[in-house]
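1. Take this sequence and fold it.
(one chain, ligands or ions: 1)
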Amino acid sequence: MDEHPLSPNLGGASGGGDFPSINYLEWYEPRLQQGVTHDLSQSGLQYPWDWESLVEGKMLDGYSDLISKIEFDPRTFVADREQVDYSQVVGGHGVSQCLLFALLAVMNDNKPRKVAVEVPSYAPVSQFARALGCEVIPFTRGPANSSDCGPWKICRSELEEIIDNVCAVVTTPLQNPTGWMMDADDQQWLANICRKAGIGLVSDEVYLDSTKGTEYYRPMHRFGPHCVSVNSLTKCYGLGNLRVGWIIGTKEIAVNAFRAMHNLQGSLAMPSLHLAKLAWPHLDTPLEYIKQRRAENLPLLQEVLSNNGIEWSPPPTGIFGCFPLPEGIDSQWFVEEICSKYDLLVIPGLMFSPELSNLVRVAWGSELSQFSAAMEAFNHCLQELK
Ligand SMILES: Cc1ncc(COP(=O)(O)O)c(C=O)c1O
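-> Residues are numbered from 1 along each chain as shown. This is a model prediction of the structure:
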């Protein structure tokens, strides 16, 4: 695969002077910090949590308590909501950190320190194993042709070729950037091939809760004792700043993951846990908002696309998806040269893979009046390509 200055940096174990950058974040964060009028880049729900009323005007009691006085154990809350046993859950700071604990917990230590990683994917997910001393080897779940917006299928032969030479596999079943859940037969196949090879399967499910209540809600921890699900409050609940995440696996995996947490983190941030406790009884409300934003915003996006000759079927759940620009248009050029004129930001597909230079990812998780103003601007951007 060709390298690209926006795409994930795959390769061998890293450490020291040549530590690999997350190109995507180095490009994206300054743009967000600058502020943008029409932000279609946020893959998480824009949900206004009302902290004033949640804290009832009181300073949080005990937010600086020592570990011995913890009155909120995130494991009980997650276990209750996900209907698993308390002993199967471990907390961490967001999916980002929980992925480390999960991989360390499930990797087969009799195998080479190589990890098979599904691409295209969000760069930290494609790369993090390098920082744990592993080589990452990609296998593809990508478009079948230039107009394929999902669901994308796993290239089974690619994974079959490397499976005996890796200690674990990392996947993102509800895929970023397509927004589509992995097909059920691919999910079962993936679980099976990992089980047969005797290796762990780490599943980033940061977007999965947008499928709750549908046939697409299939957390990977249900697919066997070698599978571990990783999730957080970041995307579907609009609480990324809390950095509250968790792992669900077998009791044995959870013991390992908890020890990984002790080794790498010690204990979790109490203020975040206290705020999560207050938000927890209300978590179904943002999930309802996701449905509402789909109902209100998606038709506007579809209209703009079809007026500009772009054929697209949105994913059946969630608040983002991706589609190709007219043939020959480079997504980074489009964002930097055209969208910037209208103070609008979308995500170039290049951020997930050098192969996706013609795709953009657009999110519809913002409130209706904001989104319809953004659609007007987006229409102008697409008109400029004619
Ligand atoms: C696939 C994927 N996983 C994880 C994250 C980050 O999750 P968290 O904030 O829980 O660390 C993102 C953020 O964009 C993502 O796209």
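
2. Not counting sequence-adjacent ones, nearest residue to I310?
-> Nearest non-adjacent residue to I310, counting by CB to CB, 6 or more residues apart in numbering: F323, 5.8 Å away. Backbone N, C-alpha and C define where each C-beta goes, glycine included.

3. Contact partners for the residue nearest to C98 when sequence neighbours are not counted?
-> Residue nearest to C98 in three dimensions, not counting chain neighbours: G92, with 3.9 Å by CB to CB, 6+ apart. By CB atoms under 8 Å, 6 or more residues apart in numbering, the contact list for G92 reads C98, L100, F101, G245, W246, I247, M261, Q265, L268.

4. among those residues, which are in strands?
-> Of the positions in these, G245, W246, I247 sit in strands, assigned by DSSP state E.

5. thinking the second one is in contact with L99, fair?
-> It stands for W246. No. Counting by CB atoms under 8 Å, W246 does not reach L99; the two are 11.6 Å apart.

6. Helices of the stretch 51-200 of the chain, residue ranges please.
-> 51-54, 74-82, 94-106, 123-131, 156-162, 184-197 (DSSP state H, counting those that start in this stretch).

7. which one of those helices has the most crowded surroundings?
-> helix 94-106 (a mean of 25; mean count of other CB atoms under 10 Å).

8. Could you see whether the ligand lies near that one?
-> Yes. Helix 94-106 reaches the ligand (CB under 6 Å from any ligand atom) through G94, V95, S96.

9. contacting residues for the residue of the stretch 51-200 of the chain found nearest the ligand?
-> Among the residues of the stretch 51-200 of the chain, G94 lies nearest to the ligand; the distance is 2.8 Å by CB to the nearest ligand atom. By CB under 8 Å, 6+ apart, the contact set of G94 is S232, T234, G240, R243, V244, G245.

10. hmm, back to that, identify the contacts common to W246 and L99.
-> In contact with both W246 and L99: V230, using CB under 8 Å, 6+ apart.

11. just to confirm, which helix or strand has L382 in it?
-> In the assignment (DSSP states H and E), L382 maps to helix 368-383.

12. Ranking by neighbours, what's the top pick from the ones in strands among the contacts of G92?
-> I247 (33 neighbours; other CB atoms under 10 Å).

13. bridging residues for it?
-> Each beta-bridge partner of I247 is listed here, defined by DSSP bridges: V90, V230.

14. what distance separates the longest helix anywhere in the chain from the centre of its chain?
-> Once the chain is assigned using DSSP state H, the helix that runs over the most residues is helix 284-307. Put simply, helix 284-307 sits 19 Å off its chain's centre (CA atoms, centre = their mean, to the nearest Å).

15. returning to what we had before: report the separation between the residue nearest to I310 and G150.
-> According to CB to CB, to the nearest Å, F323 stands 10 Å off from G150.
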